[in-house]
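Trainee: Fold the following and give me the result.
(one chain, ligands or ions: 1)
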Amino acid sequence: MTGTTPDTDTLRQAVEPARASYEELKAKGRKLDLTRGKPCVEQLDLSETMLALPGVGEHTSPDAGDLRNYGGAPKGLLALREMFSPLLQIPVEQLVARDNSSLSLMHQCLVTSFFHAPSGAPSWQGQTVKFLAPSPGYDRHFTASLDLGIELVTVPMGELGPDMDVVESLVKDDPSIKGIWCVPKYSNPTGLTYSDEVVQRLAAMPTAAEDFRIYWDNAYAIHHLRSVEDELADILVACAEAGHPDRAFVFASTSKVSLAGAGVAFFGSSPANVEWFLKHDGMRSIGPDKLNHQRHIAFFKDTEGVLAHMAKHRDILEPKFDAVLRHLEKGLGDLGIARWTDPNGGYFVSLDVVPGTAKRVVALAKEAGVALTPRVRPSPAVRTRTTRTSASPPPSPPWTSSRRRWRCSPRPSSSPPPSSCWTTGLLGS
Ligand code: PMP
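Mentor: Numbers count the residues shown, from 1 in each chain. Alright, predicted model coming up:
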């Protein structure tokens, strides 16, 4: 918290200077698109030499032989899986490396379940299928689900992860709830990391659906921005220890490590789920792009090489986050009308504003040439319902947070609690 509690006079006095600096910004004719976490050119340049790899004649590997041909290494090249195994908390044997997109692997797992559900459960065809959607969350998870006819059940997102009282009460009785979407680390879009307790509860909770799965999209597993790095509990270990070894599907990719959309994607899970995945994936493709695997092996060399590369991303991104936070503090610090995240990693700064003003904030920013992401939540209009059991207490309003990573300007005592405020993704580099 910064500054003193403002009064209406303070806000009134702030209006004119704010208007003037807004007009100044508009006159600059900026064109900034912060809607997506797209790496900037300097970040892409870090991987430029990859374009020449693996290089003429560099087309063999010990486990797959001639990489120019079909066959070998059904889980992907071993050296690549060994490199990423410790970073993704997935044992090498349970880690599968595939093509360029983790989102496509998530989609594939959903689609496959409509024909061959995991754990030998009845296929999802003809059934009502629901997924829990912690909100705010990643819009592509939600749109992919809706596109397949999967209903989304909104669950409030707290600052330590999804509201577990709500999650537990929903999954225990409803066998049509087949999964939950999770971005557990430096979550998209708030930047928070799930607490150990949330991970344990997700792993241990009783579920009515025998084929219930946690879709654990660990997209930002190693994307640190600060010297303080968030630690995420190991979901596969937690599930195994809780007696639900098959509960989690883990996804990740190098889209924001090497090249966006031209990296390597990973699937990790229990041995039984890996077998399920490989069996059905084998119907879709003869095998992954092993030359791209080799390219990544040649470029990073080992796990330490990946981490050294991520430190270079941090060098580029950290000052940008600092600049955004500096300006938020300067412009809003003492006004009590907004709060924002100061994440230790990931790609987003989330801004909460006074209820009823978020759309206007996004529109004004657009007019000034700055495109922001409006709050992403499963649309109530499209087969979605917000759920809260009467037994569970409502989540604390965001302003009452004591968590270090939230920076807020104090709220004027006269203003309404922003329990329904919008979140705006502010920085996508
Ligand atoms: N998951 C999350 C949470 C993301 O933010 C993104 C976009 N970077 C993706 C998945 C897409 O990743 P991929 O390029 O591997 O499909």
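Trainee: does residue 136 really touch residue 183, like I thought?
Mentor: No - contact criterion Cβ atoms under 8 Å: residue 136 and residue 183 do not qualify, at 10.2 Å. No exception for glycine: its C-beta is placed from N, CA and C like everyone else's.
Trainee: Flag every residue of the stretch 151-300 of the chain that's near the ligand.
Mentor: Residues of the stretch 151-300 of the chain that fall close to the ligand, judged by Cβ under 6 Å from any ligand atom: 183, 188, 217, 219, 253, 255-256, 261, 265.
Trainee: Show me which positions of stretch 284-304 end up buried.
Mentor: Under the neighbour-count criterion of 16 or more other Cβ atoms under 10 Å, stretch 284-304 has 287-300 buried.
Trainee: just stretch 273-282 next, same as before
Mentor: Of the residues in stretch 273-282, those with enough neighbours to count as buried (16+ other Cβ under 10 Å) are 273-274, 276-277, 280-281.
Trainee: From residue 256, how far out is residue 47?
Mentor: Residue 47 sits 11 Å away from residue 256 when distances are taken as Cβ to Cβ, to the nearest Å.
Trainee: Over to residue 296?
Mentor: Here residue 296 is placed at a distance of 14 Å from residue 256 (Cβ to Cβ).
Trainee: tell me which element residue 87 falls in.
Mentor: Following DSSP states H and E, one finds residue 87 within helix 78-88.
Trainee: Can you confirm whether that helix lies near the ligand?
Mentor: No - contact between helix 78-88 and the ligand is absent, the nearest approach being 12.7 Å (criterion: Cβ under 6 Å from any ligand atom).
Trainee: And the contacts of the helix or strand that that helix is followed by?
Mentor: Scanning forward in sequence from helix 78-88 by DSSP H and E, the next helix or strand is strand 95-97. With contacts defined as Cβ atoms under 8 Å, 6 or more residues apart in numbering, strand 95-97 is touched by 75-77, 80-81, 84-85, 88, 264-268, 274, 277-278, 281, 288, 293.
Trainee: again, 7 Å this time
Mentor: When contacts are taken as Cβ atoms under 7 Å, 6 or more residues apart in numbering, the neighbours of strand 95-97 outside the stretch itself are 75-77, 80-81, 84-85, 88, 264, 266-268, 274, 277-278, 288, 293.
Trainee: give me phi/psi at the closest residue to residue 166 other than its chain neighbours?
Mentor: Distance criterion Cβ to Cβ, 6 or more residues apart in numbering; nearest residue to residue 166, sequence neighbours excluded, is residue 155 at 5.2 Å. As for residue 155, its main-chain torsions (degrees, to the nearest 10) stand at phi -120, psi 130.
Trainee: Would you enumerate the residues in contact with residue 269?
Mentor: With contacts taken as Cβ under 7 Å, 6+ apart, residue 269 has the following neighbours: 94, 248-250, 277.
Trainee: For it, what are phi and psi?
Mentor: For residue 269, the backbone dihedrals are phi -170, psi -160 (criterion: degrees, to the nearest 10).
Trainee: How much space separates it from residue 75?
Mentor: From residue 269 to residue 75 the distance is 12 Å (Cβ to Cβ).
Trainee: Check residue 200 too.
Mentor: Between residue 200 and residue 75 the computed distance is 28 Å (Cβ to Cβ).
Trainee: for residue 95, same thing?
Mentor: As for residue 95, its distance to residue 75 is 7 Å (criterion: Cβ to Cβ).
Trainee: could you give me the average pLDDT of the helix or strand containing residue 239?
Mentor: The secondary structure element spanning residue 239 is helix 235-241 (assigned by DSSP H and E). Helix 235-241 comes out with an average pLDDT of 98.
Trainee: Let's see the distance spanning stretch 81-99 from one end to the other.
Mentor: Criterion Cα to Cα, to the nearest Å; first-to-last residue distance in stretch 81-99 is 13 Å.
Trainee: What is the longest helix of the protein by residue count?
Mentor: With DSSP state H setting the assignment, residue counts place helix 303-332 as the longest helix in the chain.
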